[in-house]
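# Next come a sequence and a model predicted from it.
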Amino acid sequence: SASRLFISHDMFQRILDVLYTVMLIPHLKTDMCKSLTLRLIKLFEECLCSYPAYPAILTFRVIVQLAGHHCIEVRHLVYTAFANLHANTDYHVGLGSTLSP
């Protein structure tokens, strides 16, 4: 089996905070923002059914914040990801009640 690198909740949160801050830079190229958003969505999908749960939860929170991003193309990616997530019942098992408000 592939070995995995486990990092602490706090370190993972710091990494996401830095990434989110970078994405808020007004002059950051749209393609860069879109690429980072797609990577975050992919990370969320990969973490969704894994243990521990905090990577999925923390990544989900950042993606939710990106729904208000200044770039419409980033917002579109987020809305599309949520629509796909809602439509795919396989994900509902992973989400469970952990991410519910």
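Sure thing, it's come through. Residues are numbered from 1 along each chain as shown.
# any low-confidence regions in this protein?
Scanning the chain for pLDDT under 70 picks out 1-5, 89-101.
# What segments of it are helices?
9-23, 30-47, 54-66, 72-87, 89-95 (DSSP state H).
# Highest mean neighbour count out of the ones you listed?
Mean neighbours per residue, mean count of other C-beta atoms under 10 Å, is largest over these for helix 54-66, with a mean of 18. The C-beta positions use only the backbone N, C-alpha and C, and glycine is treated the same way.
# what helices or strands is that one leaning on?
helix 9-23, helix 30-47, helix 72-87 (3 or more C-beta pairs under 8 Å, 6 or more residues apart in numbering; DSSP states H and E).
# and with 10 Å instead?
Helix 54-66 is packed against helix 9-23, helix 30-47, helix 72-87, helix 89-95, with contacts defined by 3 or more C-beta pairs under 10 Å, 6 or more residues apart in numbering; DSSP states H and E.
# Out of the ones you listed, which gets nearest to residue 65?
When the helices and strands packed on helix 54-66 are compared by C-beta to C-beta, helix 9-23 sits nearest residue 65, at 6.4 Å.
# Could I get the contacting residues of residue 10?
Taking C-beta atoms under 10 Å, 6 or more residues apart in numbering, we find residue 10 in contact with residue 54.
# follow-up on the earlier one: mind checking the helices and strands packed on helix 54-66 for the one nearest to residue 55?
Smallest distance to residue 55 across the helices and strands packed on helix 54-66 (C-beta to C-beta): 4.1 Å, for helix 30-47.
# now the angle between helix 54-66 and that closest one, please.
Here helix 30-47 runs at an angle of 150 degrees relative to helix 54-66 (axes from the mean of the first three to the mean of the last three C-alpha atoms, to 10 degrees).
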